[in-house]
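# here is my input, please return the structure:
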Amino acid sequence: MTLSFRYQMINRPKPSIPLGGRWVQPRPIIPVTSVGPVAGTWVADGLLDTGADETVLPESAAVTLGIDLTGATTGTARAFGQLVPVRYAEAKIRIADQQEQREWQAWLAFTSVYLRWPLLGFGGFQQFFRVVYHGDLEFVELTANSLYPGT
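Residues are numbered from 1 along each chain as shown. Below is the predicted model:
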């Protein structure tokens with residue numbers, strides 16, 4: 001089965017020349033839920049970002065999820081074309097559309113750097129799906145692939 005999500009329309013401060021003067025920017029932003037290892041659920045809209053190395057959430061999400069990042073493995077992840085400091089922890093990720101739900105355990109990167117949206121990058125998220133971006137129709141499809149570890 002395939003999950004399908006319409007692009008969200010984000011207001012622009014100026015019209016887009018390449019988009020024919022549109023005042024909105026279509027973005028592949030989808031609802032995502034993270035579930036902590038013991039307790040806590042964090043719900044947000046996440047940006048499917050083909051340029052993000054990993055799935056990156058704000059550190060405030062870790063607090064809500066009940067994840068203690070003290071002593072967590074640290075590293076850097078590429079986001080916004082730059083390296084940002086991260087700390088890693090495992091949690092469940094859940095996505096759903098009108099017909100289907102997917103849930104899996106993944107290593108997530110948490111950062112103190114401001115994120116307008118959590119980044120649903122390759123590691124922990126897109127690696128588990130065949131992702132098809134329909135730019136002309138402004139929606140994205142996610143189909144679980146052979147690496148998908150969840151239900």
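
# would you mind measuring from residue 123 to residue 66?
Look at residue 123 and residue 66: by CB to CB, to the nearest Å, they are 22 Å apart. Heads up, the C-betas are built off the backbone N, CA and C, glycines and all.

# tell me which of these two has more neighbours.
For residue 123 versus residue 66, neighbours defined as other CB atoms under 10 Å are more numerous around residue 123 (18 against 15).

# list the contacts of that one.
Residues in contact with residue 123 (CB atoms under 8 Å, 6 or more residues apart in numbering) are 53, 54, 55, 107, 109.

# how far away is it from residue 53?
The separation that residue 123 has from residue 53, given CB to CB, amounts to 6 Å.

# now swap in residue 146 and tell me
Residue 146 is 21 Å from residue 53, where distance means CB to CB.

# which of these two has more neighbours?
Neighbours per residue (other CB under 10 Å) separate residue 146 from residue 53, with residue 53 holding more: 20 against 6.

# the worst-scoring helix or strand of the chain on mean pLDDT pairs with which strands?
Between all helices and strands in the chain, the lowest mean by mean pLDDT, DSSP states H and E belongs to strand 74-79, at a mean of 88. Strand 74-79 pairs in its sheet with strand 82-96 (antiparallel), by DSSP bridges.

# need the contact partners of the strand it pairs with.
3, 30-37, 54-56, 59, 62, 65, 67, 69, 72-78, 101-113, 124-125, 142.

# how distant is it from the center of its chain?
8 Å (CA atoms, centre = their mean, to the nearest Å).

# buried sites along it?
84, 86, 87, 88, 89, 91, 92, 93, 94, 95 (16 or more other CB atoms under 10 Å).

# with pLDDT added, can I get those in a markdown table?
Shown next, in a markdown table, are the buried residues of strand 82-96 (pLDDT from 0 to 100):
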| residue | pLDDT |
| --- | --- |
| 84 | 90 |
| 86 | 96 |
| 87 | 98 |
| 88 | 97 |
| 89 | 96 |
| 91 | 96 |
| 92 | 96 |
| 93 | 97 |
| 94 | 97 |
| 95 | 98 |
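
# could you single out the nearest of those residues to residue 17?
Proximity of the buried residues of strand 82-96 to residue 17 was ranked by CB to CB; the top entry is residue 84 with 29.6 Å.
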